[in-house]
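**Student:** My questions concern the predicted model and sequence given below.
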Amino acid sequence: MEVLCDLLLTEQMSANKIGDVLGLDIQKDPAEKEILLKAIQDLKDDKMLEGDESIMWLSDTGIDYAKMALNSQPLQETLSCTLI
């Protein structure tokens, strides 16, 4: 979910564009489409995402979540490096 929020924090996107950015071929691969649409639906259910397959954007809750995840990322990277 963090990856989708990070992408949508930069710009509004369609499901097809998100799939392209992630290297998924949701037009030809039904399994990849199902996985992406499930993740999108989970975000909608959590009130973090608004829109439909043609254009999606983060709600205020989604923006807060994405910013929080971005702020905590350097700490996670530091911890991973320390543990290795």
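**Tutor:** Okay, I see it.
**Student:** Double-check Ala39 against Cys5; I have them as touching.
**Tutor:** No. Contact status for Ala39 versus Cys5: not in contact, 10.3 Å apart, counting by C-beta atoms under 8 Å. C-betas here are computed from N, CA, C, even on glycine.
**Student:** out of the two, which sits in the busier spot?
**Tutor:** Of the pair Ala39 and Cys5, Cys5 is the one with more neighbours under other C-beta atoms under 10 Å, namely 21 against 16.
**Student:** Who's the closest spatial neighbour of that one, skipping the chain neighbours?
**Tutor:** The spatial neighbour of Cys5 that comes closest, neighbours along the chain excluded (C-beta to C-beta, 6 or more residues apart in numbering), is Ala66 at 3.8 Å.
**Student:** Name the helix or strand for the one you found, please.
**Tutor:** In this structure, Ala66 sits in helix 60-83 according to DSSP states H and E.
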